[in-house]
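Colleague: Next one to model:
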Amino acid sequence: MIWGVCVPLGFVSIYLLWIDPAKSYALQMLFFGFFISMSVVVNAMALVMFLKNDPSYEHGSTIVFIILMLIVFFGYAFVLKGYRAK
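Modeller: Numbering: from 1, shown residues only. Reported below is the predicted structural model:
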């Protein structure tokens, strides 16, 4: 379900950002809001697993998800910077 909604939403938001940036910010906020909330939740779960010494905790996966979260936060800051400039 996530891929069926997020990937088309991402493509539509990128297309609108390219064609008409003034109309795409609502869709960009929806897109980034979903990914920010999901990345924070996944990293919080990894932190709790680390603190509780869960045997299924993996350092490599946590690093990947932290990097993805940083990419999403920087993308969100970039979109907000473009929105404030108008």
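Colleague: contacts, neighbours, all on C-alpha from now
Modeller: Will do.
Colleague: what sits against the most centrally placed residue in the chain?
Modeller: The centroid of the chain falls nearest to residue 35 when counting by CA atoms, centre = their mean (2.9 Å). By CA atoms under 8 Å, 6 or more residues apart in numbering, the contact set of residue 35 is residue 72.
Colleague: if you set the cut-off to 10 Å instead, what comes out?
Modeller: Under the criterion of CA atoms under 10 Å, 6 or more residues apart in numbering, the neighbours of residue 35 are 6, 29, 41, 68, 69, 72, 73, 76.
Colleague: Show me how far the longest helix seen in the chain is from its chain's centre.
Modeller: If you go by DSSP state H, the chain has its longest helix at helix 21-51. Helix 21-51 sits 4 Å away from the centroid of its parent chain (CA atoms, centre = their mean, to the nearest Å).
Colleague: How about stretch 77-86?
Modeller: The chain centroid and the centroid of stretch 77-86 are separated by 16 Å under CA atoms, centre = their mean.
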